[in-house]
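S.K.: Attaching a predicted model along with its sequence, questions to come.
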Amino acid sequence: MTANPPEPSKEEFDARLRVAQARQAKRAGGPAPGSRGSGIGFAFRISTELVAGVVLGVAIGLGLDYWLDSRPWFMIVFFFLGAGAGMLNVYRTVSGIGHAVGYEKLDRPPEPGGGPDENGK
């Protein structure tokens with residue numbers, strides 16, 4: 001009988017996958033995997049995140065002020081809430097929190113030896 005060849009390790013598979021993804025991105029003309037794309041696109045996204053938070057906060061504040069006839073108090077409060085939300089979105093975008101493929105938040109820490117460590121290995 002013939003012996004089956006050993007299965008490749010996870011590290012070998014990951015390395016082959018990264019090479020294939022880089023080759024695919026190069027063929028498609030897009031950014032390399034793991035990069036954030038063009039600098040101008042990333043800057044546009046950051047500015048949009050911040051402006052959208054402020055605009056939405058002011059719009060909600062103006063709507064509540066109009067509805068409750070309490071000008072300008074809700075607009076001032078929601079301006080600061082919107083600015084804070086916009087800054088939080090910018091922080092999350094820049095740090096990449098929750099944007100990785102396969103990201104899932106764990107409700108409890110992984111058991112020792114039972115799953116990936118902090119580095120995902």
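M.R.: Yes, it's here. Numbering: from 1, shown residues only.

S.K.: Okay, now the unreliable bits of the protein?
M.R.: Regions of the chain meeting the criterion pLDDT under 70 cover residues 1-2, 28-37, 98-121.

S.K.: Number of residues surrounding residue 64?
M.R.: 16 (other C-beta atoms under 10 Å). Heads up, the C-betas are built off the backbone N, CA and C, glycines and all.

S.K.: sec struct for residue 3, please.
M.R.: coil (DSSP: H, G, I helix; E, B strand; the rest coil).

S.K.: Distance of it relative to residue 9?
M.R.: 18 Å (C-beta to C-beta, to the nearest Å).

S.K.: how about the helices of this protein, start to end?
M.R.: 10-28, 39-68, 73-95 (DSSP state H).

S.K.: re earlier: comparing residue 3 and residue 9, which residue is more hemmed in?
M.R.: residue 9 (9 against 5).
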